[in-house]
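[1] Predicted model, plus sequence, below.
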There are 2 protein chains.
Amino acid sequence: MEITSCMEDYLEAVLILKERNKVARVKDLSALLQVKTPTVNSALKCLTDKGLIEHEHYGYIDLTVLGEKIAKDIFCKHQALTHFLEKILGVDKKEAAKDACRMEHTIGVQTFTKLRKFVKFIEDKPNIIKGFNHGYIKRGTH
Amino acid sequence: MEITSCMEDYLEAVLILKERNKVARVKDLSALLQVKTPTVNSALKCLTDKGLIEHEHYGYIDLTVLGEKIAKDIFCKHQALTHFLEKILGVDKKEAAKDACRMEHTIGVQTFTKLRKFVKFIEDKPNIIKGFNHGYIKRGTH
DNA sequence: TAGGAAAGTTAGATTAGTCTAACTTATGTA
DNA sequence: TACATAAGTTAGACTAATCTAACTTTCCTA
């Protein structure tokens, strides 16, 4: 099944809202994704048709099993990318977040797997990149 | 001026074709970007209106100074990303190329700059990631 | 418990990027 | 050099994602 990066954003947003507020609503999706509520509605219709969410009329929004799988996949990519950009490259929080939000839709399985391994490799011995990203070791939380 | 990643692809393709064949034509853009020729035509109209290319009727396509600047910027990002994915992460050529083609439109200036520095840092002392990407040193061309 | 505000929905327009079908121009060779 | 074929263009339709305006439902509170 093919899904656009837009639709991936909606799935990810539902996941985030559910973790944050226990439930996801149209209004919150609208605020989080910075689109108007009718835009959310048409996205929800699309995702319902694809069997990725459940949405009761005038009610809450939930992920199906498959929808949650996709949402979590995107979210993991987002986190790995943010970590790499911020903690290894030293990109500032704001641009790291912005870039990660877009890159999360563009990296393939293999790239994701290897990136995660690479991050772990570097994290396990911080000295390895001493001299590149000054301040890294101090800034880190471990 | 804002430009979509689609339009960036067309600019980059013109640059590549000019380097490869000295000139760029509709048919070649169509083949390279895997779209039909009328699609190329409407993209060229859009880019001409924005002052990024020059296109003589039934003739060749060329980049303006600004168009070339944008094209080269994207191309550089593409190369840096390909290098990072292939040579540092060890992603295979095919997926590295595919991912780089999409990521080149999503990384910001700061991320690009830092990525390039990071690649150089690693390249200058290959042993630094010995143990992560086995075979890297042998496989490389330096 | 009735009414109004907040939330949600529907209808219909717009834009970007793509397509097919039909047409026009250019080119090379018989 | 005339004409067939290749290349390029135009017109018009479609889809995805967005919007505004107008409508409906829900729910809190006076």
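    Thanks, I have it.
[2] and the longest helix along chain A, C-alpha only, in CSV?
    In chain A, with assignment by DSSP state H, the single longest helix is helix A:65-83. C-alpha atoms of helix A:65-83 as CSV (Å, rounded to 0.1, in the frame of the first residue of the first chain):
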residue,chain,number,x,y,z
VAL,A,65,-3.4,-1.6,14.2
LEU,A,66,-1.9,-0.9,10.8
GLY,A,67,-2.2,2.8,11.2
GLU,A,68,-0.3,2.7,14.5
LYS,A,69,2.4,0.6,12.9
ILE,A,70,3.0,3.2,10.2
ALA,A,71,2.8,6.1,12.7
LYS,A,72,5.3,4.5,15.0
ASP,A,73,7.7,3.8,12.1
ILE,A,74,7.6,7.4,11.1
PHE,A,75,8.0,8.6,14.7
CYS,A,76,11.1,6.3,15.2
LYS,A,77,12.7,7.7,12.1
HIS,A,78,11.9,11.2,13.3
GLN,A,79,13.6,10.5,16.6
ALA,A,80,16.7,8.9,15.1
LEU,A,81,17.1,11.8,12.7
THR,A,82,16.7,14.4,15.4
HIS,A,83,19.2,12.7,17.5
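[3] Is chain B within reach of it?
    No. Using CB under 8 Å from any CB of the partner chain, helix A:65-83 stays clear of chain B, with a minimum separation of 9.9 Å. From N, CA and C alone the C-beta is placed, and that goes for glycine too.
[4] now what about that helix, what contacts it?
    Here helix A:65-83 makes contact (CB atoms under 8 Å, 6 or more residues apart in numbering or on different chains) with A:3, A:8, A:11-12, A:14-16, A:47, A:51-53, A:63, A:96-97, A:99-101, A:103-105, A:107, A:112, A:115-116, A:119.
[5] Sitting in strands, which of the residues you listed do you find?
    Taking DSSP state E as the definition of strands, those contribute A:53, A:63.
[6] out of the contacts of helix A:65-83, which are buried?
    The neighbour-count test (16 or more other CB atoms under 10 Å in any protein chain shown) marks A:3, A:8, A:11-12, A:14-16, A:47, A:52-53, A:63, A:96, A:99-101, A:103-105, A:107, A:112, A:115-116, A:119 as buried among the contacts of helix A:65-83.
[7] among these, which are in reach of chain B?
    A:96, A:99, A:103, A:107, A:115.
[8] got a list of what the closest residue to the fourth one other than its chain neighbours touches?
    Excluding the flanking residues, the one nearest A:Ile107 by CB to CB, 6 or more residues apart in numbering or on different chains is B:Asp99, at 5.5 Å. Contacts for B:Asp99 were tallied using CB under 8 Å, 6+ apart; they are A:106-108, A:111, B:81, B:85, B:91.
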